[in-house]
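K.L.:
the following comprises the amino acid sequence and a computationally predicted model.
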Amino acid sequence: MRFAYAGIFMKTSLFDFHLPQSLIAVHPANPRDNAKMLVIGDALQDRLIHELPQFLQAGDVMVFNDTRVIPARLLGRRRQARVEVLLHKLSPPNGGVRYQTPRQARGLWQCFAKPAKRLKPGDRVDFAEDFYASVMEKLPSGEIVLAFDYSPAQMHSLLAQYGHMPLPPYIERLRHADASDHEHYQTVYARHEGSVAAPTAGLHFTEALLADIDAVSIQRAHVTLHVGGGTFLPVKVEDTDDHIMHSEYAEITPEAAEIINQAKARGGRVIAVGTTSLRTLESAADDDGKLHPFQDETAIFITPGYRFKIVDMLLTNFHLPRSTLFMLVSAFSGLERMQTAYAYAISSGYRFYSYGDACLLYPQKMV
C-alpha cells in the first residue's frame, strides 16, 4: 500500500523565497553539534545544536532515521560518450518492472542519468573494466532502468570502489564530493544501506550529544526511510494539488512502534529528527494517534491543512524554496510563521540546506 496526502489547494508560489547563494553551506559545521539552531515557536530563539537537550523533557522520545547513504553517484561511458548516473531506487523482484528472464531482473535500479536522452534500451554503460550495466528501459518520468548483473555483496564492493557520495545538486554546483564526504555526509547512527541522500537533520548529532540526550531520560527510537533522489526534484506545477510525490521505502519495526506508543501513552512528546522520520511516522499512524509497524513505500505529501497524527516537535534543516519539504514545515508550524522565520534566518546569516544549520519547530496551534 502506498500512502499519499495532499492538503488544501495552495499556489506553489506561496512557498517561494529568495536565498543568496552565499548562504548555501558547502561544508558541515565542525564539530557537527556546533551548528546553529533556530528555535521556532511563539518567538524565535538563536541557539546551538548542542543546546538541544534543554528543550527536551523526561519521557519524550526522539525518533531518528537510521538509513545509510550509499556511494550512488557513478561516472561511466556509453562507448565514447561520458555518462553520469545517480542510482535512485532498487526495484525489488516482481516489483512492477517486468522483464523476460530472472537473470534480467537481477539488480534493477531506477536511475537519473546525464545525458539521459542519448541512452536507449540495450545500451551498455561501463563504469570500470569490471563494472558495467545495461539500459533496460526509459521511464516516462525521465529516469532510466539499469540492470547490474552482480550479487548484493558484489554490488556493495563495486560501489565502495567506484561510487561517489551523492552530494545534493546545490552543493555539487559549488564543489565536487571529496574523501571527507564519506564521513560527513553520513549520520553517526546510520545502519541500513539504501539512501542516495542523507537524512540531513541527523548530520548534526555526535556521540557526545546523544549521550547528553540519554542523560536527561529521553528515549531514542529508530525508523528507516531510504531517501531517494526525488527529494531534490523541484515542484514545477502551479498548485500543490497537482504535484505527484516520489515514493520511498520506509520501515518501522514492532519494537520501535511499541516504544513510541508507550511514550505517547505516558504523556511524552514524539520529536522527529528530520522530515524523513516525520513522514515515516505519519505514514504509519492511524487517526487515533497510534503508530503501527510499517514495511512499505510511502508517497505521503504533507501541505498546510494536514492534521498531524503523532509528531509533536520537529528538528530539521532549512529547505529549498518551492520544495515539498518547505511545504511540510509550513504545514507543521504554520506558513506565515515559517515565512517570518526563514526571512529572519536569511537576514541573520543562517546556513541553508544539507550541510547547513537547523531549526527546532513547535507545532502551530490548531483550532
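P.N.:
Great, that's in hand.

K.L.:
from here on, contacts and neighbour counts on C-alpha atoms
P.N.:
Will do.

K.L.:
low-confidence stretches in the chain?
P.N.:
1-9, 92-106, 232, 366-367 (pLDDT under 70).

K.L.:
all helices for it, in order.
P.N.:
Per DSSP state H, the chain carries helices over the ranges 152-162, 169-172, 181-184, 207-215, 254-265, 275-284, 324-333, 335-347.

K.L.:
would you mind giving these as JSON lines with distance to S91 added?
P.N.:
Listed next are the helices of the chain as JSON lines, based on distance: least, Cα to Cα, whole Å:
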{"stretch": "helix 152-162", "distance to S91": "13"}
{"stretch": "helix 169-172", "distance to S91": "24"}
{"stretch": "helix 181-184", "distance to S91": "25"}
{"stretch": "helix 207-215", "distance to S91": "34"}
{"stretch": "helix 254-265", "distance to S91": "25"}
{"stretch": "helix 275-284", "distance to S91": "20"}
{"stretch": "helix 324-333", "distance to S91": "24"}
{"stretch": "helix 335-347", "distance to S91": "36"}
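
K.L.:
make a markdown table out of those helices and add distance to H18 and mean neighbour count.
P.N.:
Putting the helices of the chain into a markdown table (distance: least, Cα to Cα, whole Å; neighbours: other Cα atoms under 10 Å) gives the following:
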| stretch | distance to H18 | mean neighbour count |
| --- | --- | --- |
| helix 152-162 | 37 | 14 |
| helix 169-172 | 15 | 14 |
| helix 181-184 | 27 | 15 |
| helix 207-215 | 33 | 14 |
| helix 254-265 | 38 | 17 |
| helix 275-284 | 22 | 25 |
| helix 324-333 | 13 | 23 |
| helix 335-347 | 9 | 16 |
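
K.L.:
what's the closest of those helices to Q45?
P.N.:
helix 335-347 (10.1 Å; Cα to Cα).

K.L.:
please compute how far the closest one lies from its chain's middle.
P.N.:
22 Å (Cα atoms, centre = their mean, to the nearest Å).

K.L.:
residues making contact with that helix?
P.N.:
Contact with helix 335-347 is made by 19, 23, 38, 40, 44, 304, 318, 329-330, as judged by Cα atoms under 8 Å, 6 or more residues apart in numbering.

K.L.:
could you do stretch 165-180 as well?
P.N.:
So stretch 165-180 is contacted by 24-26, 69-73, 86, 164, 181-182, 185, 196-197, 232, 354 (Cα under 8 Å, 6+ apart).

K.L.:
restricting to C-alpha, output it in PDB.
P.N.:
The C-alpha coordinates for stretch 165-180 follow below in PDB (Å, rounded to 0.1, in the frame of the first residue of the first chain):
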ATOM      1  CA  MET A 165      28.900  10.100  -2.300                       C
ATOM      2  CA  PRO A 166      25.800  11.700  -3.900                       C
ATOM      3  CA  LEU A 167      26.000  15.300  -2.600                       C
ATOM      4  CA  PRO A 168      22.900  17.300  -3.400                       C
ATOM      5  CA  PRO A 169      23.000  19.200  -6.700                       C
ATOM      6  CA  TYR A 170      23.100  22.600  -5.000                       C
ATOM      7  CA  ILE A 171      26.400  21.600  -3.400                       C
ATOM      8  CA  GLU A 172      27.700  19.800  -6.500                       C
ATOM      9  CA  ARG A 173      27.300  23.100  -8.400                       C
ATOM     10  CA  LEU A 174      29.700  24.700  -6.000                       C
ATOM     11  CA  ARG A 175      32.200  21.900  -5.300                       C
ATOM     12  CA  HIS A 176      32.700  18.200  -6.000                       C
ATOM     13  CA  ALA A 177      32.500  15.500  -3.400                       C
ATOM     14  CA  ASP A 178      35.800  14.500  -1.800                       C
ATOM     15  CA  ALA A 179      37.000  11.900   0.700                       C
ATOM     16  CA  SER A 180      35.700  13.800   3.700                       C
END
